[in-house]
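Chemist: Any chance you could fold what I've pasted below:
(one chain, ligands or ions: 1)
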Amino acid sequence: LNKISPFKEDSDSEEEGHVVSPPVPNATYNDKISVIRQDITTLAVDAIVNAANNSLLGGGGVDGAIHRAAGPDLYDECETLDGCATGSAKITDGYELPAKKVIHAVGPIYWSTKSKGKHTELLRGCYRTSLELCTEHKLKSIAFSALSTGVYGYPSGEASHVALDTVRKFLDEGKGDDIERIIFCNFMPKDEHAYFENIPKYFPPV
Ligand code: AR6
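Modeler: Just a heads-up that it's a prediction; the model follows:
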């Protein structure tokens, strides 16, 4: 996993003339935090975090990709879970995925009246519950997809602030001491850029 640390990249990432350099190392957590841009279904980590919906029965985007790669046994286990509340998460096995477990987190729909005024707390709940499940199941590495930033419409910059702040607080509370690697796995350049821009605010170089 060291190979995918963003801190070791030597080229800048570029999109529409907007160049964002990979962040420089943070002395405290550099060995724990990674930002990558990759298909999350290819990662051989202990847990990948899926951007699911309340039914937990699959859908499009990363959810569809994870269900396709994991095979039908994942659907069968999801059927037994009785869905999941927005802002929370449930865990299953990874089946045919290289990841051991899948944590299915249900992010808020950004523009929905149901999550109006609550979307920050709901997205925070997804990251926090996922980290709690990770420690509860003694998992050492976790890769988050950019929850809610696809069809659920959460702006990438805002979403990355919520994710980074929640992870930083969890680590500062000493709750993530046994987690060795936390990966923010992006798919679109816009999300990767948001992390490159905002990581120094939460994990500043010392
Ligand atoms: N690997 C990593 N990230 C990916 C991949 C992939 N293979 N594919 C897409 N992404 P979305 P949401 C990124 O729309 O906004 C589903 O139908 C994508 O670029 O998958 O939380 C569910 O069933 C984006 O940054 O999830 C729900 O109904 C991020 O994953 C609904 O979509 C999340 O985009 C959830 O919407």
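Chemist: make it CA atoms for all contacts and neighbour counts henceforth
Modeler: Noted.
Chemist: Stretch 42-61 close to the ligand?
Modeler: Yes - applying C-alpha under 6 Å from any ligand atom, one finds stretch 42-61 in contact with the ligand at 51-53, 58-61.
Chemist: Mind putting the residues you listed into CSV with pLDDT and secondary structure?
Modeler: Listed next are the residues of stretch 42-61 next to the ligand as CSV, based on pLDDT from 0 to 100; DSSP: H, G, I helix; E, B strand; the rest coil:
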residue, pLDDT, secondary structure
51, 98, strand
52, 98, strand
53, 98, coil
58, 96, coil
59, 97, coil
60, 97, coil
61, 98, helix
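Chemist: Buried only: go through the residues you listed for me.
Modeler: Buried positions within the residues of stretch 42-61 next to the ligand, assessed by neighbour count (16 or more other C-alpha atoms under 10 Å), are 51-53, 58.
Chemist: Among the residues you listed, give me the pair with the biggest separation.
Modeler: Using C-alpha to C-alpha, the pair of those lying farthest apart is 51 and 58, separated by 9.5 Å.
Chemist: count of residues packed around residue 193?
Modeler: Residues near residue 193, counting by other C-alpha atoms under 10 Å, number 25.
Chemist: ditto for residue 114
Modeler: The tally of other residues near residue 114 (other C-alpha under 10 Å) stands at 11.
Chemist: Pretty sure it sits in a helix.
Modeler: Yes - counting by DSSP: H, G, I helix; E, B strand; the rest coil, residue 114 falls inside a helix.
Chemist: gap between it and the ligand?
Modeler: Using C-alpha to the nearest ligand atom, to the nearest Å, we find residue 114 at a distance of 15 Å from the ligand.
Chemist: so what pLDDT did that residue get?
Modeler: In this model, residue 114 is scored at 86, pLDDT.
Chemist: cool, and residue 2?
Modeler: With respect to pLDDT, residue 2 scores 39.
Chemist: Okay, now the unreliable bits of the protein?
Modeler: Applying pLDDT under 70 to the chain flags the ranges 1-20, 24-28, 30, 206.
Chemist: Could you pick out the residues of it near the ligand for me?
Modeler: Neighbours of the ligand within the chain, by C-alpha under 6 Å from any ligand atom: 39-41, 51-53, 58-63, 65, 107, 145-153, 186-188.
Chemist: In space, not sequence, find me the middle residue of the protein.
Modeler: In the chain, the centroid-proximal residue (C-alpha atoms, centre = their mean) is residue 144; its distance is 1.7 Å.
Chemist: And for residue 162, the neighbour number?
Modeler: For residue 162, the neighbour count with other C-alpha under 10 Å is 18.
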